[in-house]
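*Asks:* Quick one, what's the 3D model for this:
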Amino acid sequence: MSTAVALRYRFYAARVRAVRPVGASLVRVTFGGEDLVDFAGGGRDQSVSLFLPHPGQAAPVVPVEAGDNWHPAWRALDPQVRAVMRSYTIRAQRPERGELDIDFVRHGDTGPATRWAGRAAAGDPVLILGPAVPDERSVRFQPPAGTDGVLLVADETALPAVGAILDWLPAGTPVRGLVEVPEPGDIQPLPTEARAEVTWLVRGATAPAGALLPDALRATRLPGANPYTWLAGEAGMVRAARRHLVGERGLDRRRITFAGYWRRGASEDDLRAEAGA
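*Replies:* Reported below is the predicted structural model:
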């Protein structure tokens, strides 16, 4: 007798349906395909792994039938052949239409993913590794019971997640948000039924990412007596913000979720290699 075990994650084949700018620094790519009708994303800051083809490849190359052990199998492939892998947050998902949106921060030709996004066109193929069944392990925004307010702190790389979280929050939820962006043109509408106050911090072209958030956070009144805090963006900024909230504000560290989406001076490949070691 054998027991079938459902895979938690699977590859979804998709193609670009549309590309449009959303502010000065972000571009939104809409992906579509029959596979995405079954995408089991949980909203909020749902993360996925996006697999992109190398220039000249007809489609991204990934392991065949690797199941939940896809990562070792992917790493075993020739780096010059295997698909480029990057982590992203889903900005919006429309399973009834077989669509989802991912926002890319544009950095010119500084890396394979931003280079791909700058040239993406309708019909371009990708693979998306995401939840095959409802699974909240890849959703980090998890307010605990008793939460009476939400604090969001993010740089532009986490702005798509901020928007998706605000989409998801119940009507009337008190929210205070601090979002740092490079240019005034990056300020965008963030529709929500929550009772949200979002402060936009424009750092300009010369200041490093995250430079304005620590002082802004120190000056920010927390929302509610039992707030839940979500911090995301550059890893150094996130660590400093968490230390301030725990050490100086006395917040329970169990009521803080933090995610270093990137680290200054390191690529995602570098960070994954460190984690594997």
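
*Asks:* For the most centrally placed residue in the chain, name its beta-bridge partners.
*Replies:* Centroid-nearest residue in the chain: residue 89, 2.7 Å away (criterion: CA atoms, centre = their mean). Beta-bridge pairing of residue 89 under DSSP bridges involves residue 47.

*Asks:* what helix or strand does the nearest residue to residue 210 once chain neighbours are set aside sit in?
*Replies:* Nearest in space to residue 210, with sequence neighbours left out and distances taken as CB to CB, 6 or more residues apart in numbering, is residue 237 at 3.2 Å. Quick note: C-beta positions are derived from backbone N, CA and C, even for glycine. Here residue 237 sits within helix 235-243, counting by DSSP states H and E.

*Asks:* partners of the helix or strand following that helix in the sheet?
*Replies:* The element immediately downstream of helix 235-243 (helix or strand, assigned by DSSP H and E) is strand 256-262. Strand 256-262 pairs in its sheet with strand 227-234 (parallel), by DSSP bridges.

*Asks:* So what touches the strand it pairs with?
*Replies:* Contact with strand 227-234 is made by 45, 140-141, 143-144, 147-158, 161, 165, 180, 209-210, 213, 238, 241-242, 245, 251, 255-264, as judged by CB atoms under 8 Å, 6 or more residues apart in numbering.

*Asks:* before we move on, what about stretch 85-92?
*Replies:* Residues contacting stretch 85-92 (CB under 8 Å, 6+ apart): 28, 41, 43, 45-52, 74, 100-104, 112-113, 130, 158, 160-161, 163-164, 167, 261, 268.

*Asks:* Out of those, which end up buried?
*Replies:* Buried subset of those (neighbour count, 16 or more other CB atoms under 10 Å): 28, 41, 45-52, 74, 100-104, 112-113, 130, 158, 160-161, 163-164, 167, 261, 268.
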